[in-house]
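Student: Sequence plus predicted model, see below.
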Amino acid sequence: MRRMETVPEQASPRDGQSAVRAAAAGVAAALVGSVLLGLLAGLIWGEVAPRAVLQEIGAGTAQLVNAETTAFIGADAWFCGIAAVAGLLTGLVGYRFGVAPRADGARAAVAASLIVGAVAAAFAMLWLGEQVGLSSYNQHLAASPDGTVFHASLALGAKSALAFWPMFTAIVILVAEWGTRRSRDPEEPTEPPEPAPTQ
């Protein structure tokens, strides 16, 4: 009888191409989904954040009705809160459906795209939130008679708040990946007890 030779199976080019396509689809979904969520968060921020009250004192000039208003701090706090919740959501959903089902190389690519997408989402949130009510503010400022009271436009005072979204997304991904790798690692073998010496 002839000895049968075994040849190791090699991955076909189609398998490699499908893996690349799947990874690219995951990256694109992470980026697009994050930006869309950022626009939704910006709309929410623009609607719920407090705004300072102004009074027209001249053509194109207005002053604060209450100089000690906390509206500016409140707007920043709302931005931080919404961005933190959205960052947690991006990390959890993105890891569950984008990172976890993929192999090592694709996992890293999708995880990185989630963090990059979170940065883009934070800027999208800032941009759209500041647009909400901006036209009305400009119209009041330019054409209202003296003494007219209206709300100021929304603006983010602490630009460092833009880091909240990607920071929370990265934290969730790192914690989830650490937990996954720890559960995969085999337990360290314990040495059996030495037998008692026989007399």
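Tutor: Alright, I've got the coordinates. Residues are numbered from 1 along each chain as shown.
Student: low-scoring pLDDT stretches of this protein, where are they?
Tutor: Along the chain, the parts satisfying pLDDT under 70 run over 1-16, 19, 184-199.
Student: Output the longest strand belonging to it.
Tutor: As assigned by DSSP state E, the longest strand anywhere in the chain is strand 53-58.
Student: Which neighbours in the sheet does the next helix or strand after it have, and how are they oriented?
Tutor: Reading on from strand 53-58 to the C-terminus, the next helix or strand found by DSSP states H and E is strand 61-64. Based on DSSP bridges, the pairing partners of strand 61-64 within the sheet are strand 53-58 (antiparallel).
Student: Can you tell me what sits against the longest strand of the chain?
Tutor: Residues external to strand 53-58 that are found in contact with it (C-beta atoms under 8 Å, 6 or more residues apart in numbering): 62-66, 69, 71, 140-141, 144-152. Backbone N, C-alpha and C define where each C-beta goes, glycine included.
Student: contacting residues for the residue nearest the centre of the chain?
Tutor: Nearest to the geometric centre of the chain sits residue 118, at 3.3 Å (C-alpha atoms, centre = their mean). Residue 118 sits next to 34, 87, 90, 165, 166, 168, 169, 170 when contact means C-beta under 8 Å, 6+ apart.
Student: Report the buried residues of the strand or helix carrying residue 116.
Tutor: Using DSSP H and E, residue 116 sits within helix 104-131. By neighbour count on 16 or more other C-beta atoms under 10 Å, the buried set for helix 104-131 is 106-107, 109-111, 113-122, 124-126, 128-130.
Student: so how far is residue 90 from the residue lying closest to residue 66 once chain neighbours are set aside?
Tutor: Leaving aside its sequence neighbours, residue 66 sits nearest to residue 53 (C-beta to C-beta, 6 or more residues apart in numbering; 6.7 Å). Distance, residue 53 to residue 90, using C-beta to C-beta, to the nearest Å: 34 Å.
Student: Compare those two (neighbour count), which wins?
Tutor: Per other C-beta atoms under 10 Å, whichever of residue 53 and residue 90 has more neighbours is residue 90, with 28 against 15.
Student: Test my guess that residue 80 contacts residue 161.
Tutor: Yes. Counting by C-beta atoms under 8 Å, residue 161 is a contact partner of residue 80 at 4.9 Å.
Student: would you put the C-alpha positions of the longest strand of the chain in CSV?
Tutor: Extracted in CSV, the C-alpha atoms of strand 53-58 (Å, rounded to 0.1, in the frame of the first residue of the first chain):
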residue,chain,number,x,y,z
VAL,A,53,-31.6,85.4,26.6
LEU,A,54,-30.5,88.6,24.8
GLN,A,55,-32.0,92.0,24.4
GLU,A,56,-31.6,94.2,21.3
ILE,A,57,-29.9,97.5,22.1
GLY,A,58,-29.0,98.7,18.7
